[in-house]
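1. Need a 3D model of the following:
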Amino acid sequence: RMEVLQQAIGLDKVPSTWEALAYPCLRPLGLWFLNLLERYKQLSDWTIELALPKVTWLPGLFNPQSFLTAITQTTARKNDWPLDRMVTQTEIPRRQAEEVSAPAKEGAYISGLVMEGARWDERSGQLDDSRHKELFAKMPIIVIKAVPIEKADVRDTYTCPVYRTQDRGHTYVFSALLKTKAPPSRWVMAGVALLMDVV
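-> Sure, this is the predicted structure:
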């Protein structure tokens, strides 16, 4: 085991024994360790106040699906809505993370996502084609909240899959509804997705 560990460290790879117990990540060992420290800092800061942060760095959570479930459950309890009739909905406000002074009244502000295959046009507030030679576009903060199925606004939106890594598939987390004037098939054909971690 020590030889395997030594070899992995020498090649700047995350040792398989660590990888088996960790979150999905494609980073080399050095960047993986820095990412682990950032995750620890977010959780450490969160436990000091024991309140929802103003903006949650979603990729920094070990299990982001649990966070999304908590948003749904909290909203359902607060409004006395049936949990099995709830869906998550996303909105992109026209402000930066630094401008947020308090947690969202409904749901939560999340950050840390990047888009592959397109970009978010902040002026028009909708999806747009990628810029030339830009593989990944940083997303602004997103408000994620839970609403009853019948109140979900899906008009003029693209149901964008969110993945933990560039491997996609097995790292699927949830789907974000993003405003678009183009038909959703355009973004499906372009392979547009939101990613939590890129190398």
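
2. where does Ile48 land on pLDDT?
-> Note for Ile48: predicted pLDDT of 90.

3. And Lys105, by the same measure?
-> What the model reports for Lys105 is a pLDDT of 89.

4. would you say it is within a helix?
-> No. Lys105: not assigned to a helix; according to DSSP: H, G, I helix; E, B strand; the rest coil it is coil.

5. separation between it and Lys78?
-> 11 Å (Cβ to Cβ, to the nearest Å). Glycine gets a C-beta too; all of them are placed from N, C-alpha and C.

6. Who has more neighbours out of the two?
-> Neighbour count, other Cβ atoms under 10 Å: between Lys105 and Lys78, Lys78 has more, with 10 against 7.

7. Now do the contacts for the more buried one.
-> Applying Cβ atoms under 8 Å, 6 or more residues apart in numbering to Lys78 gives no contacts.

8. okay, the helix or strand where it lies in CSV with CA atoms only?
-> For Lys78, the enclosing helix or strand under DSSP states H and E is helix 64-79. Extracted in CSV, the C-alpha atoms of helix 64-79 (Å, rounded to 0.1, in the frame of the first residue of the first chain):
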residue,chain,number,x,y,z
PRO,A,64,-24.7,18.8,-2.9
GLN,A,65,-27.9,16.8,-3.5
SER,A,66,-28.5,16.8,0.3
PHE,A,67,-28.3,20.6,0.3
LEU,A,68,-30.9,20.8,-2.5
THR,A,69,-33.1,18.3,-0.7
ALA,A,70,-32.9,20.5,2.5
ILE,A,71,-34.0,23.5,0.5
THR,A,72,-37.0,21.6,-0.8
GLN,A,73,-37.9,20.2,2.6
THR,A,74,-37.6,23.5,4.4
THR,A,75,-39.8,25.3,1.8
ALA,A,76,-42.4,22.5,2.0
ARG,A,77,-42.6,22.7,5.8
LYS,A,78,-42.7,26.5,5.9
ASN,A,79,-45.6,26.7,3.4
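
9. can you give me how far the helix or strand just after that helix is from the chain middle?
-> The first helix or strand that comes after helix 64-79 along the chain, using DSSP H and E, is strand 86-91. Per Cα atoms, centre = their mean, to the nearest Å, the displacement of strand 86-91 from the mean C-alpha position of its chain is 13 Å.

10. sorry, back to before: relative to strand 86-91, how tilted is the helix holding Lys78?
-> On the basis of axes from the mean of the first three to the mean of the last three Cα atoms, to 10 degrees, helix 64-79 is oriented at 110 degrees to strand 86-91.

11. What residues sit buried inside helix 64-79?
-> By neighbour count, with 16 or more other Cβ atoms under 10 Å as the criterion, the buried positions of helix 64-79 are 64, 67-68, 71-72, 74-76.

12. And for stretch 28-40?
-> Buried residues in stretch 28-40, counted by 16+ other Cβ under 10 Å: 29, 32, 35-36, 39.

13. Let me see the ranges of the strands in this protein.
-> Chain-ordered strands for the chain, with DSSP state E as the definition, fall at 55-57, 86-91, 108-111, 114-116, 119-121, 126-128, 136-138, 142-148, 157-163, 172-179, 193-195.

14. Kind regards, and thank you for your time.
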